[in-house]
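Chemist: sequence and predicted structure below; questions after.
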Amino acid sequence: MARIVLDKVSKIFKGPKGEEVRAVNNVSLAIEDQEFLVLVGPSGCGKSTTLRMMAGLEEVSRGAISIDGKVVNDVEPKDRDLAMVFQNYALYPHMTVYENMAFGLKLRRYPRAEIDLRVSQAAEILGITPLLDRLPRALSGGQRQRVAVGRAIVRQPKAFLFDEPLSNLDAQMRVQMRMEISRLHQRLAATMVYVTHDQIEAMTMGDRIAVLKNGEVQQLAGPLELYRHPANLFVAGFIGAPPMNFFRGVLYGNSDGLHFCGNGSPAGIKVKLLPEQAAQLESRVDKPIILGLRPEDVHLATDSPRTANGSIVEAVVELIEPLGAETHFHLKTGQHGFICRMPPAEPGKPGQKVFVVLDLTKCHFFDPTTELSLTKPG
Amino acid sequence: MARIVLDKVSKIFKGPKGEEVRAVNNVSLAIEDQEFLVLVGPSGCGKSTTLRMMAGLEEVSRGAISIDGKVVNDVEPKDRDLAMVFQNYALYPHMTVYENMAFGLKLRRYPRAEIDLRVSQAAEILGITPLLDRLPRALSGGQRQRVAVGRAIVRQPKAFLFDEPLSNLDAQMRVQMRMEISRLHQRLAATMVYVTHDQIEAMTMGDRIAVLKNGEVQQLAGPLELYRHPANLFVAGFIGAPPMNFFRGVLYGNSDGLHFCGNGSPAGIKVKLLPEQAAQLESRVDKPIILGLRPEDVHLATDSPRTANGSIVEAVVELIEPLGAETHFHLKTGQHGFICRMPPAEPGKPGQKVFVVLDLTKCHFFDPTTELSLTKPG
Amino acid sequence: MTRRGQILFFLPALLVFLVFVLLPSTQTLIDSFYSHQGIKHPFVGTLYYRYAVTDPKFHQSLGNNLKYLLWTLLFEVAAGLALAVGLEKNTRFNNFLRVAFFSPAVLSMVVVGLVFGFLFKDGVGVLPGMLNEGRALLTISVISGWASAGFFMVIFLAGLANVPEDVLEAARLDGASARQTFWRIKLPLLKEVIYVALLICFTGAFKAFDLFWVLLQNQEHTSIVSTLLVKEVIRFDNQGYGSTLAVILTVLVLLSVAIIIGAKNLWRRGERRGPL
Amino acid sequence: MTRRGQILFFLPALLVFLVFVLLPSTQTLIDSFYSHQGIKHPFVGTLYYRYAVTDPKFHQSLGNNLKYLLWTLLFEVAAGLALAVGLEKNTRFNNFLRVAFFSPAVLSMVVVGLVFGFLFKDGVGVLPGMLNEGRALLTISVISGWASAGFFMVIFLAGLANVPEDVLEAARLDGASARQTFWRIKLPLLKEVIYVALLICFTGAFKAFDLFWVLLQNQEHTSIVSTLLVKEVIRFDNQGYGSTLAVILTVLVLLSVAIIIGAKNLWRRGERRGPL
């Protein structure tokens, strides 16, 4: 199908006062053939603009976008042979489901029989055959979403672009459609670029994920790589729910080795670094630093025995969120709030004092100024 | 503050062809003073209508709603002393944030100084003090949401009603506002009724949760009770993500005891019931039945040794969703698709054959006709 | 408002309204069956109606109304739609053009008529002969178009603003050219606005008066029903025949409304079809 | 459409349009400085303007325009707003009332004028004396209101439909009565629609012609500028003075547009205030 390459692509708008606003800044990406690439980030990070530039719906201000080696900056959208699924479905309101799916083929003058065949095959795959005569307004949100996907499929395009396609569905439907799109990717083996603000969608669907913020790619990696080795503070906080816990503090060294001490008084958290961490961070002694630890790497002391890698901290329970398969404890030590992810059966109530074990082998360290990760992937 | 009681409340609309449509059917609920009660269900289940009847925005067709023992069916909304936070915020577009929050107090002729005090206190709590002069259109979604909550707080009402307040926020903001509302509940110790379609919000926020479907309460219980002992197939499938796995099959007995055998050929799944389950289900022998098992109670055989309670099944991996802290395997055995929730490091790839262990102690059984649970909470 | 408050509120309004509807319409209907020439007012039955139906001047006037309707469909509605589609994008230049094309709509039609009258005056004006027998109707239609196309443009612009942007983008990706997008996406989605425009144009063609009166008061063959009506009333001082023409003109307007609404319902019914 | 396509498309339209604007307006402006009585056309400078400024008939006409404007603000705009607020809820009964109140808008104003003329005719009509010196302007204003209040009602209904339902519900829970909701929520949110209505009403007051012409053609003291203009042109056959009045009337219309736009900008600026 298609390989899409973005080479130093920027999108520059004129702001209300005539100033330059860089919605997308110097983004370079190579989306491999048959890959499922997710662009994820908070609203306003430029992810949709990037996708729309690929589609040809926005002009590229700087840089080049190429499809299968051919620069397409000045190619009309219809000649790029991409299909897009829009956030609000963008179905033609006055056409039936059949007509919606057939429209693109009719414009390209496909023979009637071919159109019929393709539409009925796509409808079959998506389970919307009984809806072919309906108008979009007579469909539920999930059905409209399927029609929008169907309209993209029938064209058999080089690649599919999805612009937050699930954000208007309710929670249950979102989970279901997420799986259907993943299966579709396996089945069609097509290149897909998928924009979302939801890190769960990104993690579960993407072969690779580009995390965007302020128009710039923060990190581009596979889901687990992103989760385990976030390149900076933003990625660390954005990927994973509940988010990674951050403790602001300083490093100090004594005869015993390197220690992290939380800011504020009481500091709440004081831990001794492992030797390999100490080796990496020696140059940071007496400087401010941020320690990051995922909620699943924090354990209530009753649950897990004190280990050589652990460090015990006293904390107060602020809030308990039971999720059935697990329970989230919102804790506070000194000035530091943090979250601990526990098995469902863990007892406790707000206000209670608890001991927690921090799994130091899983620690991340970040520079507070550059926000970059200081720990190299082992 | 307030105790709100719904006694056999129904809401009946006239349908387009003059037929009766029961949006809410015979709902009885008692929301205790200071309780955080969540109404959860898919779209169209009547949860919003129920909330709007409490607020007085919809008339009650049958039954009675009482607040602190007084029936309020015919009491004007403003005299019920409830505050509501709307899905789309419903801020007054032409008023500043300050005016939005002060409007209700002005109408109730509070002295100017009192209004100032209450608004500034609420703004402080919600961190929107710098926004007081802004118009709503100059605010982000999360800020609007806070203003809407602030407008509810300043009135110091008997109870708060929330109508899907987070559904227009992006994923990160949603998690943050969820915690803020939970903290607010702790801080104000007020009665709160919260409507959502998102079972995660329901589980994490609610003291108790009423699961609605087709205008009827399916189950009313605490989050963990709902999760562990769903009263019927709908609740079992709705609460928990990924949802509970269901296997349709039949029970048959032989000299060895009671067995469950999946439908289809190959059946894929054949397991022997535990003695206590067999005792409860003896009358169901040779009848169709549905076996339910949560994804975390299904283990890949490599991960967990074969236990006395487990039953091994052969399956094919269809899809792998890594989430960082865990990984979801979508598997298929015979005609039955199911999901297995595993630690993050589990290797595997689509198409691979695996052995899975079903933790039979965690099994649920449902009647396929009535859809009711057949297993009593032990 | 409570039901009772609503009734108390609307009772006076409704009374005034009904008096204003019933009294004049009843009297006009009655008048149309009586002669009002002279002092006695004898009952003449459907005489005036029969006269109107055979009166060549009435035929010509009605024909002129219909011709004018066709011309204004072109110069007002179609031109307004073309302007709206052409000026759809919000640019500074387009905004200037929009204001320019709309501006005549605020002018008094009487002033427009007089001014063009001077312009077309034989021997004096800059463009004489535009109101000659053969051309007068077309000239007036063009002036109407000039004055009203901007108004229709505004209506259509409002309609186009309601066409979702992403639907147009989907059409672009589906391969629709600008022309195809117009005919197959925009036009069907402007349906409701087009009905309103047609309703205004159809009724307007029969309501027209001031331009014709000011520019063509002295021409017989370019009368339309409304100017004929005023001329006949003035000439014969005959309330009876005037009432008859008033009744006929009102029926014509209502008929055109009925035609538009009928067409709308027909289209609606046609919509519930299966796949092509 | 490409930039080039757009220019090719609009060039003819713009040319026609400019010819239609520039030619007549230039000629009218020039004409207003020349006498057109007799065969010679001597330059008279601002003579006609000075004459108009001191002409008591012009003063009276202009005064009548302003009085008519005030009355139509009441009978058309305010009444239309009241109707819209009263009929806001979508019930079958309200829908019937809406159609009833709107229906006169499709009628020809000439027919309306003639019919009411018969009704008010001294000695013959059912309600004689309504067009007497003291009452005529009020009577015409009421008829205008009857004919146009429904039109303004439709505009305001469209505006009210855009007020978000949940904002009104929030106001109900905040304790706002129907009256408070109207004054403090609905009215401020109808701002844009009110501007449009005022624009239509202000320009309409100066554009008025047909009702006055048909009903009050023979009354001197109830002229408005447009009827005065036509009378003067007919009476004196003087293109010069006619052009002068046309220029003045156009300036008046544009002035009223400027006033509304100015008021709008003032209100906007006032909006950027801090907390009360």
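Modeler: Perfect, I can see it now.
Chemist: list the contacts for residue 267?
Modeler: Looking at chain A here, since you left the chain open. Residues in contact with A:Ala267 (C-beta atoms under 8 Å, 6 or more residues apart in numbering or on different chains) are A:249, A:261, A:334. No exception for glycine: its C-beta is placed from N, CA and C like everyone else's.
Chemist: hmm, no, I was thinking of chain C.
Modeler: Going by C-beta under 8 Å, 6+ apart, the list of residues near C:Trp267 reads C:Lys191.
Chemist: ok, it to chain D distance?
Modeler: From C:Trp267 over to chain D the distance is 21 Å, taken as C-beta to the nearest C-beta, to the nearest Å.
Chemist: residues near A:Gly348, how many?
Modeler: Other residues near A:Gly348 number 16, with proximity taken as other C-beta atoms under 10 Å in any protein chain shown.
Chemist: hang on, I meant A:Pro243
Modeler: By other C-beta under 10 Å, the residues close to A:Pro243 number 18.
Chemist: for C:Leu168, same thing?
Modeler: 18.
Chemist: need the contact list for it.
Modeler: Contacts for C:Leu168 (C-beta under 8 Å, 6+ apart) come out as C:181, C:185-186.
Chemist: same question for A:Pro42.
Modeler: With contacts defined as C-beta under 8 Å, 6+ apart, A:Pro42 is in contact with A:197, A:213, A:238, B:170, B:172.
Chemist: ok so, going back, among the contacts of C:Leu168, who's most crowded?
Modeler: Comparing the contacts of C:Leu168 on neighbour count, C:Ile185 comes out first with 23 neighbours (neighbours: other C-beta under 10 Å).
Chemist: do I have it right that it meets A:Tyr92?
Modeler: Yes. When contacts are counted by C-beta atoms under 8 Å, C:Ile185 is listed as touching A:Tyr92 (6.5 Å).
Chemist: overlap of the contact sets of these two?
Modeler: Residues touching both C:Ile185 and A:Tyr92 by C-beta under 8 Å, 6+ apart: C:167, C:171.
Chemist: about what we covered before: quick one: the contacts of A:Ala267 as JSON lines, columns for neighbour count, pLDDT and secondary structure too.
Modeler: Compiled in JSON lines, the contacts of A:Ala267 are given as follows (neighbours: other C-beta atoms under 10 Å in any protein chain shown; pLDDT from 0 to 100; DSSP: H, G, I helix; E, B strand; the rest coil):
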{"residue": "A:Gly249", "neighbour count": "24", "pLDDT": "93", "secondary structure": "strand"}
{"residue": "A:Cys261", "neighbour count": "17", "pLDDT": "90", "secondary structure": "strand"}
{"residue": "A:Gly334", "neighbour count": "19", "pLDDT": "86", "secondary structure": "coil"}
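Chemist: tell me, how many residues neighbour residue 153?
Modeler: Assuming you mean chain A. One way to gauge burial is a neighbour count; for A:Ile153, by other C-beta under 10 Å, it gives 24.
Chemist: switch to chain C, that's the one I care about
Modeler: 25.
Chemist: again with A:Lys349
Modeler: By the other C-beta under 10 Å criterion, the neighbourhood of A:Lys349 contains 7 residues.
Chemist: and it, what is it in contact with?
Modeler: Under the criterion of C-beta under 8 Å, 6+ apart, the contact list for A:Lys349 reads A:317, A:320.
Chemist: does it lie in a helix or a strand, and which?
Modeler: When secondary structure is defined using DSSP states H and E, no element contains A:Lys349, which sits outside every helix and strand.
Chemist: okay, A:Val354: pLDDT?
Modeler: We note a pLDDT of 89 for A:Val354 in this prediction.
Chemist: could you do C:Tyr34 as well?
Modeler: The predicted structure lists C:Tyr34 with a pLDDT of 82.
Chemist: same check on C:Leu29?
Modeler: Here, the pLDDT recorded for C:Leu29 equals 84.
Chemist: that one looks like it's in a helix, true?
Modeler: Yes. Note on C:Leu29: a helix contains this position according to DSSP: H, G, I helix; E, B strand; the rest coil.
Chemist: element containing the closest residue to it other than its chain neighbours, please.
Modeler: In this structure, C:Leu29 finds its nearest non-sequential neighbour in C:Val247, 6.3 Å apart by C-beta to C-beta, 6 or more residues apart in numbering or on different chains. Assessed by DSSP H and E, C:Val247 sits inside helix C:239-271.
Chemist: which parts of that helix are buried?
Modeler: Taking 16 or more other C-beta atoms under 10 Å in any protein chain shown as the basis for neighbour counts, the residues of helix C:239-271 that come out buried are C:239-250, C:252-253, C:256, C:260, C:264.
Chemist: contact partners for the nearest residue to A:Val27 once chain neighbours are set aside?
Modeler: Setting aside the residues directly before and after it, A:Val27 is nearest to A:Val9 in space (C-beta to C-beta, 6+ apart), at 4.9 Å. Going by C-beta under 8 Å, 6+ apart, A:Val9 touches A:24, A:26-28, A:50, A:53, A:60, A:62-65.
Chemist: thank you, goodbye.
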